[in-house]
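> The following block contains a protein sequence and its predicted model.
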Amino acid sequence: MTRIKNQESRIHAAAGTSLAQLRLVWGITHTVARYGQHRVTRRLSRSLPWIGAAIALLTLGAAIRRKGLIGGTLDTALNAVPVVGGMKILAESIRGRDFIRERPVAG
């Protein structure tokens, strides 16, 4: 009887040790994954303003055609500034129209 109890206790001890090792490995893996996510997020957050400015420059020609030289340039410049551009677009979408009007179409 004692022999069976000793074997059972060894099995439970082995299961506990493997569970502890599994938790340790999962903890290390989780820490490394969080570190990698933080690095990628940081790198993307640094590049996003440049991406927004590049898109604004690509749309400059269309904005100038629609709103004129000064209006299109001002609209594009405001959209290129990271925080200001986002707030301007949000306010325009809530308001339902642009702050800088398009020039009248001749015809």
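Nice, I can see it. This is a predicted model, so every value here is computed, not measured.
> For P104, what is the enclosing helix or strand?
Secondary structure from DSSP states H and E places P104 outside every helix and strand.
> show me the contacts for it.
With contacts defined as Cβ atoms under 8 Å, 6 or more residues apart in numbering, P104 has no neighbours. C-beta here means a position set from N, CA and C on the backbone, and glycine is covered the same way.
> okay, now the domains of the protein?
1-47, 59-107 (automatic domain parsing).
> which ones are touching L74?
I100.
> what secondary structure does it sit in?
The assignment at L74 comes out as helix when based on DSSP: H, G, I helix; E, B strand; the rest coil.
> mind listing the helices for this protein?
For the chain, the helices defined by DSSP state H occupy 2-58, 60-80, 82-95.
> returning to what we had before: for the domains of the chain, which has the smallest mean pLDDT value?
Ranked by mean pLDDT, the domains of the chain bottom out at domain 1-47, with a mean of 65.
> any idea how far the nearest residue to E92 once chain neighbours are set aside lies from L44?
When the adjacent residues along the chain are set aside, E92 lies closest to D98, with 5.6 Å between them (Cβ to Cβ, 6 or more residues apart in numbering). To L44, D98 is 29 Å away according to Cβ to Cβ, to the nearest Å.
> between these two, which one's more packed in?
Taking neighbours as other Cβ atoms under 10 Å, D98 and L44 compare with D98 leading, 14 against 10.
> Kindly provide the distance from that one to L57.
For D98, the distance to L57 - Cβ to Cβ - is 19 Å.
> Same check on L74?
Remark: distance between L74 and L57 (Cβ to Cβ) = 14 Å.
> now swap in N79 and tell me
Taken as Cβ to Cβ, the span from N79 to L57 is 10 Å.
> do L69 as well
L69 is 15 Å from L57, by Cβ to Cβ.
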